[in-house]
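Participant: I would like to see how this sequence folds:
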Amino acid sequence: MARVLAIDLGSSSGRAVRGEYQDGSLTYQEIYRFENVPVQKGRYLCWDFDLLLGEVKHAIEMAGDIDSIGIDTWGADFGILDKKGKLLMPPVHYRDRRTEGMTGKAQEKFSAKELFQMCGNQTYATNSLYQILALKETEPELWNQTAKILHMPDLINYFLCGNAVCERTIACTTQMLEPVSRSWNQRVLEAYQIPETLFAPLTDSGTVIGEYTGKGTKPVKVIAVAGHDTQSAGAAMTEDPDSTAFLNIGTWSLLGVERKQPILTDLGFELGISNEQGPYRDIQCIMNIVGTWLLQECRREWTAEGRMASYNELERQAALCDPFQCFIAPNSPDFAFPGHMPEKIQAFCRKTGQRAPESAGEVVRCIYESLALKYRRELEKLEQGMAEEEEKRPHAQKSAGRIEKLQILGGGAQSEMLCQMTADICRKQVIAGPVEATALGNLVIQLKALGEIADEETARETIRRAETMTTFIPNDEIEVRKAIENAYQRFKEIDN
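Facilitator: This is a model prediction of the structure:
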């Protein structure tokens, strides 16, 4: 029997999931959960790294007899170390405002399209490139002391086993990694005067990088899994990736397809497609969409006002409201920062000539419908980009056809309302689950690294046997379709 521990760190909480694998069967359970609350350190919004590392070590102790551990986290954020391996400052939160204006300064050297064609990523102020440029500008003394830059999962691994690596799925969130060669883009590094020596050696996911020895525990192998949580979740897909797109819904929604080659065309750039390294040396072409962040922020405001309600109760209230009354553009900068989210949603609706939602149920319905409509729009863009890229390839290299199904992974798979809305609006069969996709992907990558699982298809089959999925069929009633198409046209007018 192999016993493995997945630590899945999200931007609001972390959890430890212990898995046991024997005779082709995987069982797992969550053994610990803890909050991940950003803290203000001087002028920066930061992650409480000492607390996070302590929680990880505590989880390892709670896990008992295990063979290995793997860490996955959100992308882009990093810690900086001096020559002695000391953390110079807490890792800065991607929502900190220090990157404001940095994308514009970066584009004085390369346009957003040029960066896309070199590195495969769309330009987001949260990308590591702009955080590094902000660090150089705002903290030149710290920058001069920086000997190593380690992204969050690599940073935790370093403090567990003492070995520094840069795992490729997390490295691709920097906007400095070439998608085909899977190495650093020298033109980008030289243009922005970022020495390659600041990064640890690039490593594939599923690599044993060292051992952790804690109090009362035997040595535990530390495995660099797919450090970017999106890619760990992608490793938990159970459907055929040639005909199925994945939609990992958490604080962010990541919609994507698994492919052998990146989409680097002009159209791919214009459509907003990003290319990321996948967990099994594939490329995942992804659309970044805001997710449950909007609902989390609303619920936080309502709770502070004394109107506490569970997510199930909020969905029940939303189900009682009339459909398609108003929409928001989920990725609008209006919703980028925390605070007063219900009021921001109401203000956006008024600004765009719509009736503003008043009750909590109306706000929740507005969020869910807007997300489902956004999923459809981004899915259509993804299909368009794939078709155009396919046309430019020799016939022998063409891959299988269009997207037929959508597999919803992560916490969003628990919402029957959102899953059914997505099926109806996208006109795709939706397979919901696994809910614990990120942790499960993390676990099977570890098992593959330990030699317990032979390959990617065996990993998928292992998860199929371990999980029960729910299927949602699109509602094809004529009146329903008419209402959806009308809503979609209205939505596209405000989703700029």
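Participant: Just the pLDDT for residue 51.
Facilitator: pLDDT for residue 51: 96.
Participant: Secondary structure class of it, three-state.
Facilitator: Three-state assignment for residue 51 (DSSP: H, G, I helix; E, B strand; the rest coil): helix.
Participant: residue boundaries of the strands in the stretch 101-250 of the chain?
Facilitator: Remark: strands assigned in the stretch 101-250 of the chain by DSSP state E, counting those that start in this stretch are 148-151, 166-167, 202-203, 207-212, 220-224, 244-249.
Participant: contacting residues around the fourth one?
Facilitator: Contacting residues not belonging to strand 207-212 are listed as 60, 68-69, 157, 160-163, 165, 167, 203, 219-224, 449 [CB atoms under 8 Å, 6 or more residues apart in numbering]. C-beta coordinates here come from the backbone N, C-alpha and C atoms, glycine included.
Participant: hmm, try it at 10 Å
Facilitator: Residues outside strand 207-212 that contact it (CB atoms under 10 Å, 6 or more residues apart in numbering) are 56-57, 60, 68-69, 154, 157-165, 167-168, 200-201, 203, 218-225, 445-446, 449-450.
Participant: can I get the strands of the stretch 101-250 of the chain in CSV with distance to residue 345, mean neighbour count and mean pLDDT?
Facilitator: Output for these, formatted as CSV (distance: least, CB to CB, whole Å; neighbours: other CB atoms under 10 Å; pLDDT from 0 to 100):
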stretch, distance to residue 345, mean neighbour count, mean pLDDT
strand 148-151, 32, 24, 98
strand 166-167, 37, 26, 98
strand 202-203, 42, 18, 98
strand 207-212, 44, 18, 98
strand 220-224, 40, 25, 98
strand 244-249, 19, 26, 95
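Participant: Can you add distance to residue 279 and give the ones you listed back as JSON lines?
Facilitator: Formatted as JSON lines, those follow (distance: least, CB to CB, whole Å):
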{"stretch": "strand 148-151", "distance to residue 279": "16"}
{"stretch": "strand 166-167", "distance to residue 279": "10"}
{"stretch": "strand 202-203", "distance to residue 279": "13"}
{"stretch": "strand 207-212", "distance to residue 279": "12"}
{"stretch": "strand 220-224", "distance to residue 279": "11"}
{"stretch": "strand 244-249", "distance to residue 279": "12"}
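Participant: So which of those strands is nearest residue 416?
Facilitator: In terms of CB to CB, the element of those nearest to residue 416 is strand 244-249, at 13.0 Å.
Participant: for the closest one, the distance to its chain's centre please.
Facilitator: On the basis of CA atoms, centre = their mean, to the nearest Å, strand 244-249 sits 11 Å off its chain's mean C-alpha point.
Participant: starting at the chain centroid, how far to the next helix or strand after that strand?
Facilitator: On the C-terminal side of strand 244-249, the closest following helix or strand by DSSP states H and E is strand 252-259. In terms of CA atoms, centre = their mean, the centre of strand 252-259 is found 9 Å from the chain centre.
Participant: what are the pairing partners of strand 252-259, and which direction each?
Facilitator: Sheet pairing here is set by DSSP bridges, and for strand 252-259 it gives strand 244-249 (antiparallel), strand 283-290 (antiparallel).
Participant: Find the residue ranges of this structure scoring beneath the pLDDT cut-off.
Facilitator: 216, 394-401 (pLDDT under 70).
Participant: mind checking the longest helix of it?
Facilitator: Counting by DSSP state H, the longest helix found in the chain is helix 360-391.
Participant: Mind listing what's buried along that helix?
Facilitator: By neighbour count on 16 or more other CB atoms under 10 Å, the buried set for helix 360-391 is 360-379, 381-382, 385-386, 389-390.
Participant: if I look at residue 489, how far off is residue 327?
Facilitator: Distance, residue 489 to residue 327, by CB to CB, to the nearest Å: 11 Å.
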